[in-house]
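**Student:** Here is my input; please provide its structure:
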Amino acid sequence: MINHVQHLLLSLGIQSTYLGYHYLCYALSLCMENEDYLISVYKTLYVDVAAHFKTTRYNVEHCIRTAVSRCWYNGNRDLLIQITKYPLNCKPTNSEFIDILYHHLKN
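**Tutor:** The predicted model follows:
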């Protein structure tokens, strides 16, 4: 599963040089194991990712937001829009981005 996540993130233009890339890989693997993480991204998912990487949830949130911005402004926005099942007219929030990728990977 992790190879699919890595391939997807790289295809979206999020390189592994971004901490957000690694945080997203781990976050998505957690979501694939337990969908409940999608309901409480800030209070649960970020906390567990932060604990794994020995950082803060604020840093996790910031780095993921940077990765989302990288995808939206300099990456493969067309692919993101293609895998989204609804119109995407502005940059998605972190939670929305994770949800989009989760549902794409699940299908």
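**Student:** For whichever helix in the chain runs longest, list the C-alpha coordinates in CSV.
**Tutor:** Once the chain is assigned using DSSP state H, the helix that runs over the most residues is helix 19-33. Written as CSV, here are the backbone C-alpha positions of helix 19-33 (Å, rounded to 0.1, in the frame of the first residue of the first chain):
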residue,chain,number,x,y,z
LEU,A,19,8.5,16.6,5.2
GLY,A,20,4.9,16.8,4.3
TYR,A,21,5.4,13.9,1.8
HIS,A,22,6.5,11.6,4.6
TYR,A,23,3.8,12.8,6.9
LEU,A,24,1.2,12.3,4.2
CYS,A,25,2.5,8.8,3.5
TYR,A,26,2.2,7.8,7.2
ALA,A,27,-1.1,9.6,7.6
LEU,A,28,-2.7,7.9,4.7
SER,A,29,-1.5,4.5,5.8
LEU,A,30,-3.1,5.2,9.2
CYS,A,31,-6.3,6.2,7.5
MET,A,32,-6.3,3.0,5.4
GLU,A,33,-6.1,1.0,8.6
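**Student:** Find the nearest non-adjacent residue to L45, please.
**Tutor:** Residue nearest to L45 in three dimensions, not counting chain neighbours: Y37, with 4.3 Å by CB to CB, 6 or more residues apart in numbering. Glycine gets a C-beta too; all of them are placed from N, C-alpha and C.
**Student:** Surely that neighbour and Y26 touch.
**Tutor:** No - counting by CB atoms under 8 Å, Y37 stays clear of Y26, with 11.0 Å between them.
**Student:** Flag the shaky bits of the protein, pLDDT-wise.
**Tutor:** Applying pLDDT under 70 to the chain flags the ranges 1-2.
**Student:** quick one: the helices in it?
**Tutor:** Using DSSP H, helices in the chain cover 2-11, 19-33, 46-53, 57-69, 77-83, 94-106.
**Student:** ok, now how distant is the residue nearest to L45 from K43?
**Tutor:** Separation of Y37 from K43 (CB to CB, to the nearest Å) stands at 10 Å.
**Student:** Which residue of the two possesses the greater neighbour count?
**Tutor:** More crowded of Y37 and K43, by other CB atoms under 10 Å: Y37, with 20 against 9.
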